[in-house]
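Peer 1: Next one to model:
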Amino acid sequence: MSTKAKASLPKLPSADAWERQWQARWSKLGAPGYELPADSDSADRQLLTQTRTPEKERARLKRINDEFIRAFKGLYRVGPAVTVFGSARFKETHPYYRMARAVGAELAKAGFATLTGGGPGIMEAANRGAHETGGPSYGLNIILPREQHANPYVDASIEFRYFFTRKVCLVKYSCAFIIMPGGLGTLDEMFEAATLIQCGKIGPFPLILMGEKYWDGLRRWGQLMIAEGAFARDEIGFGHVTDSPQEAVQLIIRGLHPSVRACLKPLPDGQPQSRSRH
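Peer 2: Down below sits the predicted model:
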């Protein structure tokens, strides 16, 4: 890393500043939602306001199971499908929104169903492109205090309380992944999909990153990890970076197993089919 690049990095806080930052946060937010074991000291239990109990754990398991059942019922007929990951924060006028909208349209033309996290921004754009073109469009929406709400371009919206159950379903029903520019959530989703592919738990499925400039730093970091021996170059052969929605979808098609490719039903002559907005 150059001296100039190093100088531009923010200075890390001291240990004392780190503690003040956290304690200020807890003072503002209140007690954390962390459950101590039932045999913990009573003063600690009062401080954290919650303890683990068998009844709570059974109730949590039921909520998780019910969430999976609801999602499986809503999605088991879907496919072949491609999940598009990306930020909720890019508005309709942003180039990345327009790119994602074109991605959704290309997926629909090729005969794929489009899956997203169901919210605004990139997710809305991909669902919108698929919906406007006449392809199946689904949203797997996470319930959050702010920012996330179901967009109007989905054939069906399935709501999730837990991020991990939502990610399971976004991965389970997909035969490829398109990663648009995004933040921590997008990185989490991308690395989980990539890890599952690398470890042979799914696929191998194509994983396409959209936005060459945006992902340049990640590519450089990847080269460093290869050089350090963290993984081998052939372990990420399922990945590709492009700025072209058409190329992204064609790469997905060319990277699919023939049995999956044979299930695709492209729109006639690739022409959009008129659909009313929900």
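Peer 1: The host helix or strand of Phe191 - contacts with which helices or strands?
Peer 2: Using DSSP states H and E, Phe191 maps to helix 184-198. For helix 184-198, the contact count by 3 or more Cβ pairs under 8 Å, 6 or more residues apart in numbering; DSSP states H and E identifies strand 81-85, helix 163-172, strand 176-179, strand 207-210 as packing neighbours. Bear in mind the C-beta positions are built from the backbone N, C-alpha and C, glycine included.
Peer 1: tell me which residues in stretch 188-208 are buried?
Peer 2: For stretch 188-208, the neighbour count (16 or more other Cβ atoms under 10 Å) marks 189-190, 192-194, 196-198, 202-203, 205-208 as buried.
Peer 1: any low-confidence regions in the stretch 101-250 of the chain?
Peer 2: For the stretch 101-250 of the chain, applying pLDDT under 70 flags the ranges 145-148.
Peer 1: where exactly do the strands run in it?
Peer 2: 113-116, 137-142, 156-160, 176-179, 207-210, 239-242 (DSSP state E, counting those that start in this stretch).
Peer 1: so which of these comes closest to Ile253?
Peer 2: Closest approach to Ile253 among the strands of the stretch 101-250 of the chain is made by strand 176-179 (8.8 Å; Cβ to Cβ).
Peer 1: Can you name the residues in contact with the closest one?
Peer 2: Under the criterion Cβ atoms under 8 Å, 6 or more residues apart in numbering, residues 82-86, 103, 107, 126, 186, 189-190, 193, 205-210, 215, 248, 252, 255-256 lie in contact with strand 176-179.
Peer 1: Partner strands of that strand, with direction?
Peer 2: strand 81-85 (parallel), strand 207-210 (parallel) (DSSP bridges).
Peer 1: how far is it from where the chain is centred?
Peer 2: Mean-position distance between strand 176-179 and its chain equals 9 Å (Cα atoms, centre = their mean, to the nearest Å).
Peer 1: just stretch 160-179 next, same as before
Peer 2: On Cα atoms, centre = their mean, the centre of stretch 160-179 falls 7 Å from that of its chain.
Peer 1: With only the CA atoms kept, save that stretch in CSV.
Peer 2: C-alpha atoms of stretch 160-179 as CSV (Å, rounded to 0.1, in the frame of the first residue of the first chain):
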residue,chain,number,x,y,z
PHE,A,160,-38.5,-13.0,7.3
ARG,A,161,-37.6,-12.1,10.9
TYR,A,162,-34.2,-13.9,10.8
PHE,A,163,-31.4,-13.0,8.4
PHE,A,164,-30.1,-16.5,8.3
THR,A,165,-33.4,-18.1,7.3
ARG,A,166,-33.7,-15.6,4.6
LYS,A,167,-30.2,-16.3,3.3
VAL,A,168,-30.9,-20.0,3.3
CYS,A,169,-33.9,-19.5,1.0
LEU,A,170,-32.1,-17.0,-1.3
VAL,A,171,-29.4,-19.6,-1.8
LYS,A,172,-31.6,-22.7,-1.8
TYR,A,173,-33.7,-21.7,-4.8
SER,A,174,-30.9,-20.2,-6.9
CYS,A,175,-28.7,-21.7,-9.6
ALA,A,176,-26.5,-18.6,-9.9
PHE,A,177,-25.9,-15.3,-8.1
ILE,A,178,-25.4,-11.7,-9.3
ILE,A,179,-23.7,-9.4,-6.9
